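1. Sequence plus the predicted model coming up.
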Amino acid sequence: KTGTYAKPAQFYAFGYSWMASSTLLGALQRLIRYYKLLSTASVQVSLTENADNYALSAVFPEESKSPPKEGIDCGMTALLALCDSIAEKEIRPLRVELTCPATVHPDAYRQALRAPITFGVEVGTFYFDKKTLLEPLQHGAPDIAKVTDRIADQYIESLDPHKVASQVRRLLIALLPSGKTDQELVSKRLNRSASTLQRQLHAEGLSYRDVLESTRRSLAEDYLRDQKHSQAQIAYLLGFSDQSNFSRAFKRWTAMSPKQFQDQPSQN
């Protein structure tokens, strides 16, 4: 039950960005963006848009060591507690899928997670109703969210500025407008071979593609929030060959089109 006592303010920069979110969808997008501020566990968190729901999934790489079951349970109940805190009501998932086998007390899980549960699946997933995630939150504050997001971004960068991923990210920000973002060029600029760079990134739990995608996504969200550039200009600034390629990539990252991100309060 420890997770049920979770409060946004306990998580500093991420927590304040969470509280300033304009919708639960925006809050969950921040969860994915700033997960490294919440846990050192190697896990891939994603949000997928389906016909009538959004699916929040977590996958642990095969080579990584999963957190203890108690830690995962705490994280799941903490997620719902954080959602409750900004929605000011109890949030109930449509259903939940868990990788663990059915326990001797399945009803306890159903009660704690407030939803029907399927055990023993390959990927752990929470399914949320679209209307619930898109409903405007009373205390959403876009201006505050923008400031706290920048603080959270800076904090992630400061965790270890000497990490190879941080070096690659800084170089990519400079190279993206030129469209020259291939791994060979970046490796050469960092004075190492492409294979060495890939090996060093792998040691940090990342691939070159992971860093490129996360850098593009972070910049894209900032550009779209500022609304100072057209989508065609943003595509150019991020090194995409055209606007349609950028739009497809953004949809893959956020489960929303760039226009939806700008037009709906979930962007904040």
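-> Received, thanks.
2. the strands in this protein, which residues?
-> Per DSSP state E, the chain carries strands over the ranges 44-49, 53-59, 95-97, 117-118, 124-129.
3. nearest to R30, of those?
-> R30 lies closest to strand 44-49 among these, at 10.6 Å (CB to CB). Where you see a C-beta, it was placed from the backbone N, CA and C, and this is true even at glycine.
4. And that closest one, what does it pack against?
-> Strand 44-49 is packed against helix 24-33, strand 53-59, with contacts defined by 3 or more CB pairs under 8 Å, 6 or more residues apart in numbering; DSSP states H and E.
5. Would you mind extracting the C-alpha trace of that strand into PDB?
-> Coordinates of the C-alpha atoms in strand 44-49 are reproduced here as PDB (Å, rounded to 0.1, in the frame of the first residue of the first chain):
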ATOM      1  CA  GLN A  44      11.000   1.300 -21.700                       C
ATOM      2  CA  VAL A  45       7.700   3.100 -21.000                       C
ATOM      3  CA  SER A  46       5.400   4.000 -23.900                       C
ATOM      4  CA  LEU A  47       2.000   5.400 -24.500                       C
ATOM      5  CA  THR A  48      -0.100   4.100 -27.500                       C
ATOM      6  CA  GLU A  49      -3.300   5.500 -28.800                       C
END
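6. now it against strand 53-59, angle please.
-> With axes from the mean of the first three to the mean of the last three CA atoms, to 10 degrees applied, the angle from strand 44-49 to strand 53-59 works out at 170 degrees.
7. Which residues does stretch 192-210 contact?
-> Stretch 192-210 is contacted by residues 42, 61, 64, 163-165, 168, 183-184, 186-187, 190, 211 when judged by CB atoms under 8 Å, 6 or more residues apart in numbering.
8. Return the member of those residues nearest to R225.
-> Minimum distance to R225 across those is 21.7 Å, recorded for V211 (CB to CB).
9. quick one: that closest one and S247, what's the gap?
-> 22 Å (CB to CB, to the nearest Å).
10. So the two - more neighbours on which side?
-> The residue with more neighbours, out of V211 and S247, is V211; 23 against 17, by other CB atoms under 10 Å.
11. Surely that one touches L172?
-> Yes: the criterion here is CB atoms under 8 Å, and V211 meets it with L172 at 7.0 Å.
12. Not counting its neighbours along the chain, what's nearest the spatially most central residue of the chain?
-> When the chain is reduced to its mean C-alpha position, the nearest residue by CA atoms, centre = their mean turns out to be I32, at 1.6 Å. Nearest non-adjacent residue to I32, counting by CB to CB, 6 or more residues apart in numbering: V45, 5.0 Å away.
13. low pLDDT regions in this protein?
-> 1-2, 40, 61-67, 104, 161, 264-268 (pLDDT under 70).
14. ok so, going back, generate a ChimeraX selection restricted to the buried entries among the contacts of stretch 192-210.
-> Typed into ChimeraX, the line below selects the buried ones among these, using 16 or more other CB atoms under 10 Å:
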select :163,164,165,168,183,186,187,211
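15. So which of the contacts of stretch 192-210 sit within helices?
-> Using DSSP state H, 164-165, 168, 183-184, 186-187, 211 are the members of the contacts of stretch 192-210 that sit in helices.
16. I'd like these as a markdown table, with distance to R114 appended.
-> Supplementary listing: the ones in helices among the contacts of stretch 192-210 in a markdown table, determined by distance: CB to CB, whole Å:
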| residue | distance to R114 |
| --- | --- |
| V164 | 41 |
| A165 | 37 |
| V168 | 41 |
| Q183 | 44 |
| E184 | 50 |
| V186 | 45 |
| S187 | 48 |
| V211 | 36 |
